[in-house]
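Asker: 3D model of this:
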Amino acid sequence: MPEQRSDETGDDGADHDGADHDGADHDGGQLVVHVVGAVQEPGVVELDPGARVHDAVEQAGGAEEDAALEVVNLAAPLVDGSLIHVPTHADVDAAEPGASWVQDGHGGDEGKESESLGPHDSGHHDGGAPGTPVVDLNTAEAAELEQLPGIGPALAERILEHRARHGPFGSLEELAAVRGIGPAILEDVADQVTW
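Answerer: Predicted coordinates for the structure are as follows:
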């Protein structure tokens, strides 16, 4: 059952149902967001309209010890269909300046160009330009995964463990559930992987 929130942001004592928040379900239903990265239980969570990013992180079991919460706006209102990536400090160090860790339900960052991680990017990729090696995330061994930019031995092993535990990858955004994979790495490998 989704966590019930008290009205922490309203100072007028009124019952705020989130109707004025961009992306709240217009039928008064639940917000559904995907929380990945350095959280205890990555996955899809349902929250009440008006919920904030911090509510989604808590619903996903809370942040892990190495989570870089200082780069995530935990007070931001949630948009239905968002992908929230809680990075590790290593993710932040590897990310491009200005990287966004919360993407709206249209696959875009709030006010930024999309990094191709949203729901619109859920198709099967056949790879990049001719001559670019393509790695199948569902059949590759560690050595093949290590050929991808930003993927070293430790990340390759985590990808293999995730695949063994959760089954084959069905989309690029599912790779974001692997601890240590952030938006910068996903962007770098997007044209070099298939599933």
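Asker: so residue 75 touches residue 54, yeah?
Answerer: Yes. Applying CB atoms under 8 Å, one finds residue 75 in contact with residue 54, separated by 6.9 Å. Backbone N, C-alpha and C define where each C-beta goes, glycine included.
Asker: what about these two, which has more around it?
Answerer: Legend: neighbour count by other CB atoms under 10 Å for residue 75 and residue 54, higher for residue 54 (19 against 10).
Asker: Let me see the residues that make contact with the helix or strand harbouring that one.
Answerer: Per DSSP states H and E: residue 54 is located in helix 53-59. Contacts of helix 53-59 with the rest of the structure, by CB atoms under 8 Å, 6 or more residues apart in numbering, involve 2-3, 5, 33, 35, 39, 45-47, 63, 69, 72-76, 78, 84, 86, 102.
Asker: Now which of those residues would you call buried?
Answerer: Listed as buried from the contacts of helix 53-59 are 5, 33, 35, 39, 45, 47, 63, 72, 74, 76, 78, 84, 86, 102; burial here means 16 or more other CB atoms under 10 Å.
Asker: from the residues you listed, which has minimum pLDDT?
Answerer: The member of these with the lowest pLDDT is residue 5, at 38.
Asker: just to revisit the earlier point, what strands flank the helix or strand following the helix holding residue 54, and is each parallel or antiparallel?
Answerer: Next along the chain after helix 53-59, taking DSSP H and E as the criterion, comes strand 83-86. Partner strands and pairing direction for strand 83-86 (DSSP bridges) are strand 31-37 (parallel), strand 102-103 (antiparallel).
Asker: Compile the ones you listed into CSV and extend it with columns for distance to residue 175.
Answerer: Shown next, in CSV, are these (distance: least, CB to CB, whole Å):
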stretch, distance to residue 175
strand 31-37, 9
strand 102-103, 15
